[in-house]
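*Asks:* When you get a sec, could you give me coordinates for this:
(chains A and B)
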Amino acid sequence: MSSRVSRSALVVTAMAALTALGPVADAGLRAGADQSDPAEELLANARHAAERSAFSGVLEVTWSDAAGPHSREVPVHSANGVLSLGDEGQVVVDGPRRFVHETEGWLAVWGGTVVPDVPSPSEKWRFTLRDGPVVAGRSTREVDAAGRDDGRVRERLYFDTTTGLLLRREQLDRRGNTVRAVSFVSIGEAAGALFGVLPADAPRAPLASATRQPRSIQTLAAPYRAPSTAGDGFRLAGRYRDSAGTVQLFYSDGLFAVSVFEQQGELDWSELPAGGDSRTVAGADARRYRTPTGVVTVWESDEVVYTAVGDAPTDQVDGLLADFMPSDSPSTFERVTSFVLGPFDW
Amino acid sequence: MNERPAPDDRLSAYLDGELDLAERQAVESYLAESAEWRVELEEVAWARDALRSLPVREAPPGFWDAALAPQLTEARARRARRVPRIAGLGAAAAAVAAVVTAALVVPSPDRVTPKVPAVADAHAVRASVSDDPVSRLATLSVVTPPRR
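*Replies:* Numbering: from 1, shown residues only, chains lettered A, B, ... in the order given. So this is what the prediction gives:
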């Protein structure tokens, strides 16, 4: 009797093991069938690795502006599929949802899923994959992304060999100097986690929040501009409008992204924040700021104020902006004439 | 089977709550079925909001008197002389009124100052959806003040 029970238990255990391994084997087969670039796979997996892993760590963000180099440390926690960032968890990620805590309380700043909408990074970038250095005590695989045209490395990414988590990313200028970086300086198990029980300080999505989510839009009429491609291989991957009417165009080349914000009106240069550089971009006067997120460029053309935010290298951002630069603006006289004669223009 | 019409003025009335029940139900069915109607609704809503947000611009004191006085004086003088040129005067006055109206109605552009930190955050949020969320959003918490 007891031997029969043991055999039954063995059979059940074996079936359970096969059932559990099935998806893994299936995933492996599919990955093999896709024959995708292993570096691209690392990039793709990193999008969800942070939510799949439970951990606590500290990130260091470094960037430079006119005042010199800066760095800030940012605590980050992940448990049960929810991420929080900031000293007091003021940024929360729950699946596709994004929340930010501001003075008026929690704001839902993103809520919708997006279909895979960005081009393959391999169209523009050539990846080199190798064993990387130890980052925050973890062994890594390093991916260097170099331009297919000039072979210059413009970004280095370091992935945890065990979890797939992106542990460090460095952006380089044309001379190979690191201009911005985000890196874990420490990472460990989620503190206080018990099997099936979340610790009291585990990140959680807020139960109530006001919404400040932009709406996806399908079309844009003049005077707005929304080229479907721009610069060196950037593709328009999303069009949005916020509650104040500001349009956001999201461009990606698969590795870097640039958002171009458009507002109708005349740029009030005197009210722009201090600390920017005045410069000319593709023949237009512009003000440029270097922020932790990337380069911000503000200019005006044809009574539309443009603000571009790019996490891409500066030369890449400038190339994209050239496709938004001025045409001949109508004068006030032309606008009045057009208004008066417009009804008779049949 | 009823054919669905192209989007029309009912969308504006729909947004303003001016349709009767049958018309509203018809519009809502078109919106449910047609991306074209939904896009048009979005555009109408945006245009309506944009128009309503335009500032009201008043003519400077004395502007109308100065602009129209010569024409009115001339008109009165001609009427007194009973010269039958009323039609010509009317056309001239209409032209003047059209130009004056155009100068006042064609909106001069509003002054805009982009909120640099806010747009940088909006970019980071959108980028985090297509990329690694940790490295993209880390910059957001650098500039977002801690909770109080």
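*Asks:* Assign the spatially closest residue to A:A230 that is not a sequence neighbour to one of the three secondary structure states.
*Replies:* Once flanking residues are discounted, A:A230 sits nearest to A:D323: 4.1 Å by CB to CB, 6 or more residues apart in numbering or on different chains. Every C-beta, even on glycine, is put in place using the N, C-alpha and C of the backbone. Using DSSP: H, G, I helix; E, B strand; the rest coil, the structure places A:D323 in helix.
*Asks:* who touches A:D323 in this structure?
*Replies:* If a contact means CB atoms under 8 Å, 6 or more residues apart in numbering or on different chains, then A:D323 has A:P227, A:A230, A:G231 as its contacts.
*Asks:* for A:S259, same thing?
*Replies:* A:Q248, A:L249, A:F250, A:Y251, A:A308, A:V309, A:G310, B:V119, B:A122, B:H123, B:R126, B:A127.
*Asks:* same check, this time on A:P273
*Replies:* Neighbouring residues of A:P273 by CB under 8 Å, 6+ apart: A:Y289, B:V116.
*Asks:* make it 10 Å
*Replies:* Contact analysis of A:P273 by CB atoms under 10 Å, 6 or more residues apart in numbering or on different chains lists A:R287, A:Y289, A:V296, A:V298, B:T113, B:P114, B:K115, B:V116, B:P117.
*Asks:* Can you say which of those are buried?
*Replies:* A:R287, A:Y289, A:V296, A:V298, B:T113, B:P114, B:V116, B:P117 (16 or more other CB atoms under 10 Å in any protein chain shown).
*Asks:* The first one belongs to a strand?
*Replies:* Yes: counting by three-state DSSP, one finds A:R287 located in a strand.
*Asks:* Give me the below-cutoff pLDDT ranges for chain B.
*Replies:* Scanning chain B for pLDDT under 70 picks out the ranges B:1-2, B:46-68, B:70-72, B:75-109, B:141, B:143-148.
*Asks:* Please identify which helix or strand holds B:Q25.
*Replies:* Assigning secondary structure by DSSP states H and E places B:Q25 in helix B:21-33.
*Asks:* repeat for A:V258
*Replies:* Element membership for A:V258 (DSSP H and E) is strand A:257-264.
*Asks:* ok, A:T314 to A:V91 distance?
*Replies:* According to CB to CB, to the nearest Å, A:T314 stands 26 Å off from A:V91.
*Asks:* higher neighbour count, the two?
*Replies:* Applying other CB atoms under 10 Å in any protein chain shown to A:T314 and A:V91 shows that A:V91 carries more neighbours, namely 29 against 17.
*Asks:* Who does the more buried one form a beta bridge with?
*Replies:* For A:V91, the residues forming beta bridges with it (DSSP bridges) are A:L85, A:V100.
*Asks:* where does it land on pLDDT?
*Replies:* Looking at A:V91, its pLDDT reads 94.
*Asks:* for A:D277, same thing?
*Replies:* 89.
*Asks:* Looks like it contacts A:R290 (just checking).
*Replies:* Yes: between A:D277 and A:R290 there is a contact under CB atoms under 10 Å: 8.5 Å.
*Asks:* right, and B:A138 touches A:D311 too?
*Replies:* No: counting by CB under 10 Å, B:A138 stays clear of A:D311, with 11.7 Å between them.
*Asks:* what sits in contact with each of these two?
*Replies:* A:P292, A:T293, B:A124.
*Asks:* Out of these, give me the one that has the most neighbours.
*Replies:* Tallying neighbours with other CB under 10 Å puts B:A124 at the head of these, with 31 neighbours.
*Asks:* circling back: quick check, nearest of the contacts of A:S259 to A:R175?
*Replies:* A:G310 (18.6 Å; CB to CB).
*Asks:* Look at that closest one and say how many residues are nearby.
*Replies:* Around A:G310 there are 26 residues (other CB under 10 Å).
*Asks:* now A:A210
*Replies:* For A:A210, the count of nearby residues is 10 (other CB under 10 Å).
*Asks:* Could you give the bridge partners of it?
*Replies:* Beta-bridge partners recorded for A:A210 (DSSP bridges): A:L107.
*Asks:* ok, it to A:V247 distance?
*Replies:* Taking CB to CB as the measure, A:A210 falls 22 Å from A:V247.
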